[in-house]
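K.L.:
model the following, please.
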Amino acid sequence: MKRIVPLVLAVALFMENIDSTVIATSLATIARDIGTSPIALKLALTSYYVALAVFIPISGRMADRFGAKPVFQTAIGVFLAGSLACGFASSLEGFVLARFVQGMGGAMMTPVGRLLLVRAVPRSDLVSAMAWFTMPALVGPLIGPPLGGFISTYADWRWIFFINIPVGFVGMALAQRFLPRVEPMRDVTFDWFGFALSGLACAGVVFGLSVVSLPALPPAVGLATTVIGAVFAVLYIRHSRRTEHPVVRLDLLRIATLRASVIGGSLFRIGAGATPFLFPLMLQLGFGYSAFQSGLVSAVSIGGAMTTKALIKPILKRFGFRPTLVLSALVGGALIGAIAFYRPVVPIAVLIGLMLIGGFFRSMFFTGTNTIAFADVPQNRSGDATSMLAAFQQVAIAGGVATAGGILEAGIVLNGTGHATLKDFSVAFLAVGLVTMLAAIPFMRLSREAGAELAGRRVPAE
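P.N.:
Below you'll find the predicted structure:
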C-alpha cells in the first residue's frame, strides 16, 4: 500500500505534466487547423499557466474542507473536461478557454496530490514516496514536446488531448480504489478577499513573465502586467498580516525547513524551468536538429532521474538533507552552466553524459526539497504548506523561462542577426546555471540534523 499511493498519484500527475508541454511543438499544426497564427496560439500556453497560478493558492484549503481524495478526483475530472474541449476546439478563443479549464484541474492535482502523500504515507516512507511523486514533473516536460511533434506529424493533433480521456478515467478509478480517505478538517474558513488578491498577484506575475518569454503580445504588456501582479502581491502581504486565516499563510515561512525549501526550490526551478525551453531550441537552431531529434536527446536525462529513485533514501540516511541538497544544487547548477560550452565539434556522448548526470542531481534535489519542506510543518497546516510551495514553484518556473527568453531576445537585438546564436544560448545557460547554484545558500543555513527523522537518521522518542 505504501508504494501504490505515490504510483496512483504519479499516473494522474504524469498526464498533467506531459499535457502542459505537449502542445509546444504542435502550435503550427493546431494554428493552421483552427485558422489562427502560431504566435497568437501561444496565448493558449499562457492561459494554462495563468489558471494554475490563480487556483493553486486555494487548493490546500479546498482539500482541507472537502477532503483531499474527492478534491483530487474532481481535479482529474475538470482536467478531462478541459481536454475534451481542447480536442473539439475550432477557434482561438475556444482553444484558449479550454486550456484555462485544463489549468483549473491541473492547479488542484499537484498540490492536493502532495498533500495526500504527506497525510497518508508514514513519515519513514515519505522520502521514497516523494521520489515517485516528483518523477512526472521531471519526465513530463521532456517527453511532452517530442510526443506532441510525433502525434502532430503522424496523426491528428486532437489525439494529443483525446488520449487523456482513458488515462484520466483509469487514474480516477485507481484513486477510488487505492487512495486512503483523509477526513476533512473542521472549521475551515475561506479567505475570499485574500484569494482574489493572491490570484491577481500570481496571475499577473505569471502572465506577464509568460508574455515576455512567449511574445504573443508586445513585451511592454508583459512587463506592465508583471508590475501589476507585484503590486497585488504587496497588497496580499498586508492583508495576510491582518487576517486570522489567510488563504496563503505566509507566517509558515518562519519554519526554517519550509522557508529553505520555498526559497531554495524557487531558485533551483528557475534553472529547471529554463532548461527544457533553452535546450531543444539550441539543438534545433544551433546544431540543425529536428524537433523530434532534439526531444530525444533532451529525454536522456530521464535515465538519471530514474536512478535517483533507488538511491535517494540511502543517500539521505547516510549524509542528511543539508549536505545532500547543497551538493545537488551546486552540481546541478554547474551542469546546466556546462551546457554553455558544448559545440558541434564535441562528441554527442559528452552532451548525453551531461544530461544523464544532470537529471540525477535535479531529481535528487527535487525529491529532497519537496520532502524536507514538511519536516517541521504541523499536520493541520500541511494543506497550507502544499499550496504555498506550488504557488512559488509555478512563479519560479515562469520566471526561469522568462529569464532565458529575455536573454535570447537581448542577444538577437544586440547581434542584429534576427535569430539567436550559439553565443546567446551560452550566455543564457551560464546565467540560469548560476542562479540554480544559488539555491544551495538557503540550505547551508539549516542545521545538519534538519529533517533527520524523515531521512531515517534517528528514531523519535516514544
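K.L.:
CA atoms for contacts and neighbours, from now on please.
P.N.:
Noted.
K.L.:
what's the end-to-end length of stretch 153-172?
P.N.:
30 Å (Cα to Cα, to the nearest Å).
K.L.:
how about that stretch, which residues are buried there?
P.N.:
Neighbour counts over stretch 153-172 (16 or more other Cα atoms under 10 Å) mark 157-162, 164-165, 167-169, 171-172 as buried.
K.L.:
just say helix, strand or coil for Leu434.
P.N.:
helix (DSSP: H, G, I helix; E, B strand; the rest coil).
K.L.:
elements contacting the helix with the most length in the chain?
P.N.:
Scanning the chain for the helix with the most residues, using DSSP state H, yields helix 382-415. In this structure, helix 382-415 makes packing contacts with helix 38-66, helix 92-120, helix 192-213, helix 256-287, helix 422-437, judged by 3 or more Cα pairs under 8 Å, 6 or more residues apart in numbering; DSSP states H and E.
K.L.:
what do you get if the cut-off is 6 Å, keeping everything else the same?
P.N.:
helix 38-66, helix 192-213, helix 256-287, helix 422-437 (3 or more Cα pairs under 6 Å, 6 or more residues apart in numbering; DSSP states H and E).
K.L.:
okay, buried residues for it please.
P.N.:
382-409, 411-412.
K.L.:
quick one: mean pLDDT for it?
P.N.:
Throughout helix 382-415, pLDDT has a mean value of 81.
K.L.:
how is the protein divided into domains?
P.N.:
The record, using automatic domain parsing to delimit domains, assigns the chain the ranges 1-189, 191-246, 253-462.
K.L.:
spatially nearest residue to Tyr236 (excluding sequence neighbours)?
P.N.:
Taking Cα to Cα, 6 or more residues apart in numbering, and ignoring the residues beside it in sequence, Tyr236 has Leu197 as its nearest neighbour in space, at 5.5 Å.
K.L.:
got it, and Thr36?
P.N.:
Counting by Cα to Cα, 6+ apart, the residue nearest Thr36 is Leu92, at 6.6 Å.
K.L.:
distance check, the one you found against Cys202.
P.N.:
24 Å.
K.L.:
neighbour count: the two, which is higher?
P.N.:
Cys202 (29 against 20; other Cα atoms under 10 Å).
K.L.:
which residues touch the more buried one?
P.N.:
With contact taken as Cα atoms under 6 Å, 6 or more residues apart in numbering, Cys202 is in contact with Ala53.
K.L.:
closest one to Ala28 among the helices and strands packed on helix 382-415?
P.N.:
Closest approach to Ala28 among the helices and strands packed on helix 382-415 is made by helix 38-66 (5.1 Å; Cα to Cα).
K.L.:
the inter-axis angle of the helix or strand just after that closest one versus helix 38-66?
P.N.:
Counting by DSSP states H and E, the next helix or strand C-terminal to helix 38-66 is helix 68-88. Helix 68-88 runs at 160 degrees relative to helix 38-66, counting by axes from the mean of the first three to the mean of the last three Cα atoms, to 10 degrees.
K.L.:
report all helices and strands that helix 68-88 contacts.
P.N.:
By 3+ Cα pairs under 6 Å, 6+ apart, helix 68-88 packs against helix 92-120.
K.L.:
and the helix it packs on, what's its mean pLDDT?
P.N.:
Helix 92-120 comes out at a mean pLDDT of 86.
K.L.:
coming back round to it: the residue nearest to Tyr236 - how many residues pack around it?
P.N.:
Leu197: 24 neighbours (other Cα under 10 Å).
K.L.:
ditto for Ser198
P.N.:
Ser198 - counted by other Cα under 10 Å - has 31 other residues nearby.
K.L.:
Ile228 too?
P.N.:
The number of residues near Ile228, taken as other Cα under 10 Å, comes to 17.
K.L.:
and for it, nearest residue in space, chain neighbours not counted?
P.N.:
Here the residue nearest Ile228, using Cα to Cα, 6+ apart, is Gly204, at 6.3 Å.
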